[in-house]
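Asks: Just a sequence and a predicted model for now, questions to come.
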Protein chains: 2
Amino acid sequence: MTAVAANHAILTRSDAAGFESSLFRGGDHNRASNAGDHTNAIQLGGREDLFLEGDEATHVYEVTEGVVCLYRIMPDGNRHILAFRFPGDIVGLCSPATYGYNAQAVGDTRVRRISRAGLERMIDERSDFARRLLRMATAELNAMRDHLTCLASKSAEAKVADFLLMLAGRSTARAGNAVVVNLPMTRTDIGDYLGLTIETVSRTISKLRRTGVIDLPRTTQVVVRSTGRLAELAGAA
Amino acid sequence: MTAVAANHAILTRSDAAGFESSLFRGGDHNRASNAGDHTNAIQLGGREDLFLEGDEATHVYEVTEGVVCLYRIMPDGNRHILAFRFPGDIVGLCSPATYGYNAQAVGDTRVRRISRAGLERMIDERSDFARRLLRMATAELNAMRDHLTCLASKSAEAKVADFLLMLAGRSTARAGNAVVVNLPMTRTDIGDYLGLTIETVSRTISKLRRTGVIDLPRTTQVVVRSTGRLAELAGAA
DNA sequence: CGGGGGGTTGAAAACCGTCAACCCAGGTGG
DNA sequence: CCACCTGGGTTGACGGTTTTCAACCCCCCG
């Protein structure tokens, strides 16, 4: 229900394996532009896709700066955001040969690229690495379970409150007793993440502001005045 | 959106580590009764808990027969089912020291018990085992993502259709062109899994029957007459 | 200055949850 | 043998919440 403990920089070894530009195919989408880099650090602008559903899963990425969202486009054209990934999180760990979802930078973002082959090699060479990787996968499972629990909540208010609590748990910025939370994502992103429309998201945030639970200095910044009341709204109906 | 490929019997090595009866604490719940067994095979009756949220995660289980559901009790008393686990699936793989959810047998069920310590040992000794374990974790992630996608669907019809498709994907029983699907779980279980009320689940199933998409010989058995139309309902609208 | 993306707010409608009644099967006990 | 009870399931009516459709605002940028 709440945020998972951050596990920073678990992957530290650099990897200099060959570079396939096919990783950054974009279709109608924006594309990562610095595909010619020789380092494994990649910089992405807003709405640039890191990889697409169906791409060969040759690499895994660690977010080092910014936010990445994992999403799917449904048959009816609707977009559903499966997860947001923050610095320290891993993106692209999947069992089959191809990715099962798209990954896109929400704003300006930096990621570190690790080849799948290198990953396998390290698993063979160092068993503690395998355990750490497994721990990261289970951490992702925990986060996913919390998201599931959040989506199963009936009311829109509970969903939004839970979402803000997750962000507040990641934020270190304080203003007195209040927690300052930046929203790099748009209302549309939040709606697609919570299974709500933008209007409902906007209305719910407005209601939280009216009732004094949060403050809204800018549309992209929320100040949580009372995490307690927010938790009540998230937990009980 | 659809069922994950079954990965049967990935864990084959038996494990004879010591047995802690504290695993089966039950509180007000039913309890697994054969805790004195000396084998690692465990038989469970309906509504028996395998472990509870907060229990020390000393073991991992492989379902060999029947269905296990993973669930949480929300602060407001509501139950939310995170997943159903079928034969071949693994239950209880988690990163922290304690389970983050409850696990309960839906009907008569058999599971195989593997100690966490034995798991770690095998990871150290055999790197291919680590990879298999990682693959299982990512398979679980895939299933969870599909569930998320399902829950984010706006309409109840789409959710139920998606749920039936998942079960149909696991079923091998055919009746002509139709797929026969057994429902070991109750309507309440389905509702708690999909974030719907029993009434809505019942009404939606009735509607699918009226429109000829499915047949309902018994309340515990669904015959999918047209997987195509079911997929349309699950995807679009 | 005009246009577009993102956000907010209002009114109406559709959908789902709530409350309630009823049915059915199986088990228990008189 | 039957009456009774209980758990699970279905169906109806009503009300609340969210979606839909729409208008409007604001800011940034060409």
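Replies: Ah, there it is.

Asks: tell me the helices in chain A, going along the chain?
Replies: Per DSSP state H, chain A carries helices over the ranges A:116-125, A:127-152, A:156-170, A:187-194, A:198-210, A:227-235.

Asks: Figure out which of the ones you listed is closest to residue A:89.
Replies: Minimum separation from residue A:89 across the helices of chain A (C-beta to C-beta) falls at helix A:127-152, 7.9 Å. (Each C-beta comes from the backbone N, C-alpha and C, glycine too.)

Asks: how about that closest one: buried residues?
Replies: Neighbour-count burial for helix A:127-152, counted by 16 or more other C-beta atoms under 10 Å in any protein chain shown, picks out A:127, A:129-131, A:133-152.

Asks: Mind pulling up the pLDDT for residue A:133?
Replies: Residue A:133 carries a pLDDT value of 81.

Asks: how about the residue lying closest to it once chain neighbours are set aside, what does it touch?
Replies: Counting by C-beta to C-beta, 6 or more residues apart in numbering or on different chains, residue A:133 lies nearest to residue B:134, which is 6.2 Å off, once chain neighbours are set aside. Residue B:134 sits next to A:95, A:123, A:130, A:133, A:134, A:137 when contact means C-beta atoms under 8 Å, 6 or more residues apart in numbering or on different chains.

Asks: For residue A:54, give me the backbone phi and psi.
Replies: Dihedral pair for residue A:54: phi 100, psi -20, per degrees, to the nearest 10.

Asks: hang on, it packs against residue A:98?
Replies: Yes: contact criterion C-beta atoms under 8 Å: residue A:54 and residue A:98 qualify, at 5.3 Å.

Asks: who's in contact with the residue positioned nearest the centre of chain A?
Replies: Closest to where the C-alpha atoms of chain A average out (C-alpha atoms, centre = their mean) is residue A:84, at 1.6 Å. Applying C-beta under 8 Å, 6+ apart, we find residue A:84 in contact with A:67, A:68, A:69, A:70, A:106, A:185, A:193.

Asks: What separation do you get for the fourth one and residue A:91?
Replies: Same thing as residue A:70. Between residue A:70 and residue A:91 the distance, using C-beta to C-beta, to the nearest Å, works out to 7 Å.

Asks: shared neighbours, those two?
Replies: With C-beta under 8 Å, 6+ apart, residue A:70 and residue A:91 have common neighbours A:85, A:103.

Asks: tell me which parts of chain A are close to DNA strand D?
Replies: A:155, A:156, A:157, A:195, A:196, A:197, A:199, A:200, A:203 (C-beta under 7 Å from any atom of the strand).

Asks: Go through those residues and say which is closest to residue A:233.
Replies: Checking the residues of chain A next to DNA strand D against residue A:233 by C-beta to C-beta gives residue A:157 as the nearest, at 5.5 Å.

Asks: tell me the contacts of residue A:215?
Replies: Contacts of residue A:215 by C-beta under 8 Å, 6+ apart are A:178, A:209, A:222, A:223, A:225.

Asks: rerun at 10 Å
Replies: Neighbour list for residue A:215: A:175, A:178, A:180, A:208, A:209, A:221, A:222, A:223, A:224, A:225 [criterion: C-beta atoms under 10 Å, 6 or more residues apart in numbering or on different chains].

Asks: If any of those residues are buried, give me the ChimeraX selection for them.
Replies: Buried residues among the contacts of residue A:215 (16+ other C-beta under 10 Å), as a ChimeraX selection:
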select /A:178,180,208,222,223,224,225
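
Asks: possible to save the contacts of residue A:215 as CSV with pLDDT and distance to chain B?
Replies: Converted to CSV, the contacts of residue A:215 look like this (pLDDT from 0 to 100; distance: C-beta to the nearest C-beta, whole Å):
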residue, pLDDT, distance to chain B
A:175, 86, 28
A:178, 92, 23
A:180, 95, 26
A:208, 97, 19
A:209, 96, 24
A:221, 95, 26
A:222, 96, 22
A:223, 96, 25
A:224, 96, 19
A:225, 95, 21
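
Asks: Among the residues of chain A next to DNA strand D, name the buried ones.
Replies: Using 16+ other C-beta under 10 Å, the buried ones in those are A:156, A:157, A:195, A:196, A:200.

Asks: Least confident secondary structure element in chain A?
Replies: When the helices and strands of chain A are scored by mean pLDDT, DSSP states H and E, strand A:30-31 comes last with a mean of 46.
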